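> fold the following for me, if possible:
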Amino acid sequence: MAKLIKNQQIIDDAWQLLADEADTDPATVTVPAGHWLVPFAVWQAQPALAARGDVAPVLKGTDDPAELAGQLDAVPLVAVDFPRFSDGRGYSTATLLRSRYGYGGELRAIGDVLRDQFNYLSRCGFDALQPPLGKYTDAQLEAALASLKDFTDPYQASVTVREPLFRRHARSAA
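All right, here's what the predicted structure looks like:
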């Protein structure tokens, strides 16, 4: 079973990822019983999935989070796919979901998610980080979890820290 970091702890993941088949009509894709992360095109083509409560959309960098904004109350979680560690569009998607659209549920980073990015992902609003299956040992995941506390007072504003450092701390007059 896959493991992920969620809300500052390592847990077993009950969700499975439904493969995105480019040549298949999203309206005809069968989503089996259980907890499934499905491509956003499937989520959009089958409105009944929202009522199930055990199916959640996966947004790619090319998907517009505004198209999900009206359905966020019915979504058990939103996964954002990072196809490559160098593809930063997921950071923007997370920031938009948290700040512009007010999403308060689980926001999960999936795909090519690396330990070096965990702090930045968390600052953009991700509360669940799921590296590729087999990428890290349990000990490496523990070390990655501990590394989330390496930076205690960031300079920049973010989804998690609304004001930059110079606004949070008063300077003494010289």
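
> where does the protein dip in pLDDT?
Within the chain, the ranges that satisfy pLDDT under 70 run 1, 153-155, 157-158, 160-162, 164-166, 172-174.

> list the beta-bridge partners for the spatially most central residue of it.
Central residue of the chain (Cα atoms, centre = their mean): residue 108, 2.4 Å from the mean position. Note on residue 108: beta-bridge partners by DSSP bridges are residue 79, residue 128.

> could you report the separation of it from residue 170?
Using Cβ to Cβ, to the nearest Å, one obtains 37 Å as the distance from residue 108 to residue 170. C-beta: built from backbone N, CA, C; applies to glycine.

> so who does residue 65 touch?
59, 93, 96-97, 101 (Cβ atoms under 8 Å, 6 or more residues apart in numbering).

> switch to 10 Å and redo it
Taking Cβ atoms under 10 Å, 6 or more residues apart in numbering, we find residue 65 in contact with 40, 57, 59, 72, 78, 80, 92-97, 100-101, 103.

> buried ones among those?
Among those, those buried by neighbour count (16 or more other Cβ atoms under 10 Å) are 40, 57, 59, 78, 80, 93-97, 103.

> so which of those residues is the closest to residue 112?
residue 80 (11.9 Å; Cβ to Cβ).

> this protein: helices as residue ranges?
Along the chain, counting by DSSP state H, helices occupy 40-45, 49-52, 89-95, 118-123, 138-147, 165-168.

> residue 31 is nearest to which of those helices?
Comparing the helices of the chain against residue 31 with Cβ to Cβ, the closest turns out to be helix 49-52 (6.3 Å).
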